[in-house]
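Q: Fold the stuff below for me.
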Amino acid sequence: MEQNIFQLQYAMDTFYFLICGALVMWMAAGFSMLEAGLVRAKNTTEILTKNVALYAIACMMYLACGYEIMYGGGFFLSGIETVDADAVLKEFAGREDGFNGGAIYSKASDFFFQVVFVATAMSIVSGAVAERMKLWAFLAFTVVLTAVIYPLEGSWTWGGNAVFGLYTLGDLGFSDFAGSGIVHMAGASAALAGVLLLGARKGKYGADGRVNAIPGANLPMATLGTFILWMGWFGFNGGSVLKLADINSSHSVAMVFLNTNAAAAGGAIAALIFAKLLFKKADLTMTLNGALAGLVAITAEPSTPTALQATLFGMVAGVIVVLSIVGLDKLKIDDPVGAISVHGVVGLFGLLLVPLTNPASSFSGQLIGAATIFVWVFSASFVVWYVLKKVIGIRVTEEEEYEGMDKSDCGMEAYPEFT
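A: Sure, this is the predicted structure:
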């Protein structure tokens, strides 16, 4: 009887992990649609190519070495994992907390869940450098980020290893439930390094300091992308509970889903209202980014806040992201989709919210953790971007930028009938 219960729990937790991983994988479609909608028509095919290619590269590099660096015990050469049911049953039955203790699932399902997080971090970079970066320079950077930069940072946080042997973030009170900092701020840090070296799109900023709007080509597509991301985020945060097959874990999963949805809704409403007050118009792109900001903010700790707290956190994030997008434009940091603001600025905000509802964390631990993630990812990314700039160049020519990257990189247009 006990063995049957164990096998059922093992099957349910493994299946739940895989389903949540599939939801997060679907976020790749969300990023693709969001970015394709917010760039100009002449760059649509290229941005879609980047998103498909980066997902495939991330999967290969994390399989080859990333998972080994982050957690140990990679899969690339080890073959199919086998499970000794009797040995695992004995291990968990002997624990004081019995079957309500740690998660019980296949290690292969853990890899699948983790690899889609890596692709998410890289997708953040894609939008920020859009419309002027060389395709192959971007893909070369993707190899390094997904193989080394992200896995090493992940080994210090979720992996529990000491930062270059100096200090352990968990011991300092750092906590990041599903990755506001580990995934989102890390991706934004890499994006910021690239944007600073890349420069702004031609015509974005006037000589008199004026910021010129460059509208996206397809706002319905951008809206669809946002809803896909919103849906995928339930797997992103819900799967980070790591298990389902007991009463406490099931309740935790339900609260995570509830809070994730509440924060996104709060962010969208706050950004819509704030944009109306600021610009005198109901700005759709700000509303979309407000929803994403609410999702990023709650990701660091979606299990301990009340629904009211989650809503308020999301609303504050919605206001912050509007201010950040406007502020970065004043600094002439050109981010076509607002990725640095949504995932970087709000990712930091999400980390700083954790101690408000989770007493196991501390503000000092969150600040040290955030600084560690930013300094490592930004510095390492800056070096890689700089080397690529010197060796092969990272920016397309003025003529290619004017004509659009669809023709120069892909040889085809997304909307040929309308050209």
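Q: ok, Leu292 to Leu34 distance?
A: Distance, Leu292 to Leu34, by C-beta to C-beta, to the nearest Å: 8 Å. From N, CA and C alone the C-beta is placed, and that goes for glycine too.
Q: any shared contact partners between those two?
A: Here Leu292 and Leu34 share the contacting residues 226, 229, scored by C-beta atoms under 8 Å, 6 or more residues apart in numbering.
Q: any weak-confidence spans in the protein?
A: 1-3, 75-104, 419 (pLDDT under 70).
Q: Scan it for its longest helix.
A: Using DSSP state H, we find that the single longest helix of the chain is helix 2-38.
Q: and it, which residues are buried?
A: Using 16 or more other C-beta atoms under 10 Å as the test for burial, helix 2-38 gives 6, 9-10, 12-14, 16-18, 20-21, 23-25, 27-38.
Q: same deal with stretch 304-323?
A: For stretch 304-323, by 16+ other C-beta under 10 Å, it's 304-305, 309-322.
Q: can you check stretch 203-215 too?
A: Applying 16+ other C-beta under 10 Å to stretch 203-215 flags 204-205 as buried.
Q: ok, residues contacting that stretch?
A: 40, 201, 329-330, 332, 334, 336.
Q: Now for Thr120: which residues touch it?
A: 24, 27-28, 31, 183, 187, 236.
Q: For it, grab phi and psi.
A: Dihedral angles phi and psi of Thr120 (degrees, to the nearest 10) take the values phi -60, psi -50.
Q: any idea how far His251 is from it?
A: 26 Å.
Q: ok, now Trp156?
A: Here the criterion is C-beta to C-beta. By it, Trp156 lies 31 Å from His251.
Q: Neighbour count: those two, which is higher?
A: Set side by side, Trp156 and His251 show more neighbours around Trp156, with 24 against 12, by other C-beta atoms under 10 Å.
Q: tell me which element that one falls in.
A: For Trp156, the element it lies in under DSSP states H and E is helix 150-157.
Q: What lies in contact with that helix?
A: Here helix 150-157 has contacts from 62, 65-67, 69-71, 118, 121-122, 161-163, 168-169, 174, 176, 181-182, 186, 369, 372-373, 376-377, using C-beta under 8 Å, 6+ apart.
Q: contacting residues around the closest residue to Leu135 other than its chain neighbours?
A: Nearest residue to Leu135 in three dimensions, chain neighbours excluded: Asp409, at 4.5 Å (C-beta to C-beta, 6 or more residues apart in numbering). Contacts of Asp409 were listed using C-beta under 8 Å, 6+ apart, and they are 46, 49, 134-135.
Q: Just among those, which is most surrounded?
A: Taking other C-beta under 10 Å as the neighbour criterion, Glu46 ranks highest of those with 27 neighbours.
Q: How about that one, nearest residue that isn't a chain neighbour?
A: Excluding its sequence neighbours, the residue lying closest to Glu46 (C-beta to C-beta, 6+ apart) is Met405, at 4.0 Å.
Q: Would you confirm that that neighbour contacts Val129?
A: No - shown here, Met405 and Val129 do not form a contact pair, counting by C-beta atoms under 8 Å, at 11.4 Å.
Q: Can you show me the helices along the stretch 251-400 of the chain?
A: Assigned by DSSP state H, counting those that start in this stretch, the stretch 251-400 of the chain shows helices spanning 284-299, 307-330, 339, 346-357, 363-391, 398-403.
Q: My error: substitute the stretch 51-200 of the chain in the last question.
A: Taking DSSP H, counting those that start in this stretch to define them, one finds helices in the stretch 51-200 of the chain at 67-70, 85-93, 107-128, 135-144, 150-157, 186-198.
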